[in-house]
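**Student:** I would like to see how this sequence folds:
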Amino acid sequence: MNCEKVTRIRSRNFLGSNPRMLDKEILESVKATLRQLSSVAPGRAIEVRVPPYAVIQCGEGPTHTRGTPPNVIEMDAETWLALVDGTQTWGDALVSGSVRASGARADLSPYLPLRTTL
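**Tutor:** Sure thing, here's the model as predicted:
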């Protein structure tokens, strides 16, 4: 999935050109881009949550196996896809409260926007 396709899906589903969100497209976009993130940031130190669509672990560092991980990032699908295609920056998302991040390693700014394609 490339950034142009993500932008098209965002525009159609979140930005008003189609009032009915196409959950299947959003689900596929979120899962594909999170897979892409895990390939560019391998590891299990950070848990990235985009409810209700998907959760992954990525990033180098200490891993966790039980309970709540020490490094958690959570956001909605609209925010995630905006970060992926570069229409929103990591810093702006944090300041606005669109992204909730806790833990010393809870920072995806080195990987966003996602530049590679699947």
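
**Student:** name the element the residue nearest the centre of the chain belongs to?
**Tutor:** Centroid check for the chain by C-alpha atoms, centre = their mean gives residue 80 as the closest residue, at 3.8 Å. Following DSSP states H and E, one finds residue 80 within helix 77-85.

**Student:** Give the other helices and strands that the helix or strand following that helix contacts.
**Tutor:** Counting by DSSP H and E, the next helix or strand C-terminal to helix 77-85 is helix 90-96. On a contact count with 3 or more C-beta pairs under 8 Å, 6 or more residues apart in numbering; DSSP states H and E, helix 90-96 meets helix 77-85, strand 99-102. The way it works is simple: take the backbone N, C-alpha and C, and place the C-beta from them, glycine included.

**Student:** Would you mark the buried spots in helix 90-96?
**Tutor:** Within helix 90-96, the residues that count as buried by 16 or more other C-beta atoms under 10 Å are 90, 93, 94.

**Student:** residues making contact with that helix?
**Tutor:** 75, 79, 82, 83, 99, 101, 107, 108, 109, 112 (C-beta atoms under 8 Å, 6 or more residues apart in numbering).

**Student:** And the residues you listed, which of them are buried?
**Tutor:** Neighbour-count burial (16+ other C-beta under 10 Å) is assigned, among the contacts of helix 90-96, to 75, 79, 82, 83, 99, 101, 107, 108, 112.

**Student:** Report the separation between the closest residue to the first one other than its chain neighbours and residue 66.
**Tutor:** I take that to be residue 75. With sequence-adjacent residues excluded and distances taken as C-beta to C-beta, 6 or more residues apart in numbering, residue 75 is closest to residue 99, at 4.6 Å. For residue 99, the distance to residue 66 equals 25 Å [C-beta to C-beta, to the nearest Å].
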